[in-house]
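Peer 1: below is the sequence, then the predicted model.
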Amino acid sequence: MLKIFRSHQGQLKELSVNEVEAGAWLQLIQPTEEELARVVALTGTPLELLRPALDVDERSRTELEEENILIITNVPIMRGVNSYDTLPLGIIICRGYFITVCSEPNPVLEGFGVLQSHTFHTAKKTRLLFQILFRSAELYLKYLTAINRRTDEIESKLRRSMKNEELFELLELHKGLTYFHAALRANGSVMERLFRLRRNNQIEHLIKMYEEDEDLLEDVIIENKQAIEMVEMYSNILNGMMDTFASIISNNLNIVMKFLASMTILIALPTMVSSFMGMNVDVPFGENNGFVIALTASCFLTVIGAFVLWKKGML
């Protein structure tokens with residue numbers, strides 16, 4: 001899907017392919033080969049800069065050419081209630097155009113719609129780039145807070161139920177934190193490289209930074225570092241929690257097995273007495289109150305056995 005936007009008098013206007021003009025933002029979401037070829041023809045951007053972001057395993061990086069700069073950043077995405085993942089988002093800045101490429105819709109670009117059109121301008125490419133990166137860092141922090149809240153809820157359930165389902169949920173959350181940690185570290189490297197390129201004036205012809213833009217980039221770097229710290233802290237907490245509750249569940253199983261073994265021993269004692277008294281051989285007192293004697297002996301042995309097991313902590 002190809003959509004073309006242009007900011008005009010504080011509003012976001014959607015353009016047709018024939019109306020493309022300088023300062024436009026070309027959004028490619030799950031693009032077809034025809035749409036990729038159309039963007040190449042309209043902007044002169046090499047096709048090899050458009051394809052990498054469509055690979056779900058693409059790592060964050062920066063690629064600089066004479067007339068184009070490609071920034072690939074991994075943005076957070078929520079797949080389910082407890083399932084979090086990251087998705088490559090390609091941002092290409094060329095002379096006159098701002099291009100984004102992604103293999104599927106994502107919440108980062110959804111934050112730059114018609115309702116938010118007064119907060120950004122498509123012609124201010126540097127500012128828009130940093131606003132997208134800032135929006136991505138904010139989403140990471142938002143999802144990390146949600147993960148922490150969900151972890152507390154699962155912990156409360158585990159204290160009561162001790163079921164494997166809760167452990168599987170914790171495992172899914174831990175997997176999401178692992179994806180976040182790898183993506184945030186790679187994103188941080190991209191931002192640091194942009195900062196260095198700006199200092200060395202290597203991207204001045206493509207990305208013009210004013211003081212407000214540099215402040216925004218610094219804010220993005222700070223937010224990204226904060227997200228990395230939160231991921232590491234939550235990962236350590238989640239690791240310790242999973243190990244602890246796995247040990248508790250295993251210990252509870254041992255307690256149940258010990259109790260069942262004790263009950264088996266207690267049940268075996270009256271069974272043994274009744275088996276001896278029921279044999280077709282002469283037994284003491286077999287003809288005089290044999291049933292009462294067998295019952296009394298069974299109860300006596302059961303009580304003695306229960307007392308011994310209780311003293312050993314098995315009941």
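Peer 2: Arrived safely.

Peer 1: following whichever helix in the chain runs longest, which helix or strand comes up?
Peer 2: Looking across the chain with DSSP state H, the single longest helix is helix 211-277. For helix 211-277, the following helix or strand on the C-terminal side (DSSP states H and E) is helix 290-311.

Peer 1: C-alpha coordinates for that next one, PDB please?
Peer 2: This file holds the C-alpha atoms of helix 290-311, laid out as PDB (Å, rounded to 0.1, in the frame of the first residue of the first chain):
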ATOM      1  CA  GLY A 290     -11.600 -62.200  65.800                       C
ATOM      2  CA  PHE A 291     -13.200 -59.300  63.900                       C
ATOM      3  CA  VAL A 292     -13.000 -56.900  66.900                       C
ATOM      4  CA  ILE A 293      -9.300 -57.900  67.500                       C
ATOM      5  CA  ALA A 294      -8.400 -57.400  63.800                       C
ATOM      6  CA  LEU A 295     -10.200 -54.000  63.800                       C
ATOM      7  CA  THR A 296      -8.500 -52.900  67.100                       C
ATOM      8  CA  ALA A 297      -5.100 -54.000  65.800                       C
ATOM      9  CA  SER A 298      -5.600 -52.200  62.500                       C
ATOM     10  CA  CYS A 299      -6.600 -49.000  64.300                       C
ATOM     11  CA  PHE A 300      -3.700 -49.300  66.700                       C
ATOM     12  CA  LEU A 301      -1.100 -49.800  64.000                       C
ATOM     13  CA  THR A 302      -2.600 -47.000  61.900                       C
ATOM     14  CA  VAL A 303      -2.400 -44.500  64.800                       C
ATOM     15  CA  ILE A 304       1.200 -45.600  65.600                       C
ATOM     16  CA  GLY A 305       2.200 -45.300  62.000                       C
ATOM     17  CA  ALA A 306       0.500 -41.800  61.700                       C
ATOM     18  CA  PHE A 307       2.300 -40.700  64.800                       C
ATOM     19  CA  VAL A 308       5.700 -41.800  63.500                       C
ATOM     20  CA  LEU A 309       5.100 -40.200  60.100                       C
ATOM     21  CA  TRP A 310       4.000 -37.000  61.800                       C
ATOM     22  CA  LYS A 311       7.100 -36.900  64.000                       C
END
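
Peer 1: show me what counts as buried in that helix.
Peer 2: Ile293, Ala294, Ala297, Ser298, Leu301, Thr302, Gly305, Ala306, Leu309 (16 or more other CB atoms under 10 Å). Backbone N, C-alpha and C define where each C-beta goes, glycine included.

Peer 1: for that helix, name the packing helices and strands.
Peer 2: Where contact means 3 or more CB pairs under 8 Å, 6 or more residues apart in numbering; DSSP states H and E, helix 290-311 is packed against helix 211-277.

Peer 1: any idea of the angle the helix it packs on forms with helix 290-311?
Peer 2: 150 degrees (axes from the mean of the first three to the mean of the last three CA atoms, to 10 degrees).

Peer 1: verify the stated contact: Arg193 with Ser60.
Peer 2: No. In terms of CB atoms under 8 Å, Arg193 does not count as a neighbour of Ser60; the distance is 9.9 Å.

Peer 1: out of the two, which sits in the busier spot?
Peer 2: Comparing Arg193 with Ser60 by neighbour count (other CB atoms under 10 Å), the higher total belongs to Ser60, at 23 against 15.

Peer 1: residue contacts, the more buried one?
Peer 2: Ile72, Thr73, Asn74, Pro88, Ala183, Ala186, Asn187, Ser189, Val190 (CB atoms under 8 Å, 6 or more residues apart in numbering).

Peer 1: what's the answer for Leu184, then?
Peer 2: Residues near Leu184 by CB under 8 Å, 6+ apart: Tyr140, Asn224, Ala227, Ile228, Val231.

Peer 1: name the element Phe98 belongs to?
Peer 2: Phe98 belongs to strand 97-102, assigned by DSSP H and E.

Peer 1: mind putting the contacts of Leu184 into TSV with distance to Gly176, pLDDT and neighbour count?
Peer 2: Output for the contacts of Leu184, formatted as TSV (distance: CB to CB, whole Å; pLDDT from 0 to 100; neighbours: other CB atoms under 10 Å):
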residue	distance to Gly176	pLDDT	neighbour count
Tyr140	11	90	26
Asn224	17	86	25
Ala227	13	88	26
Ile228	15	89	18
Val231	10	89	24
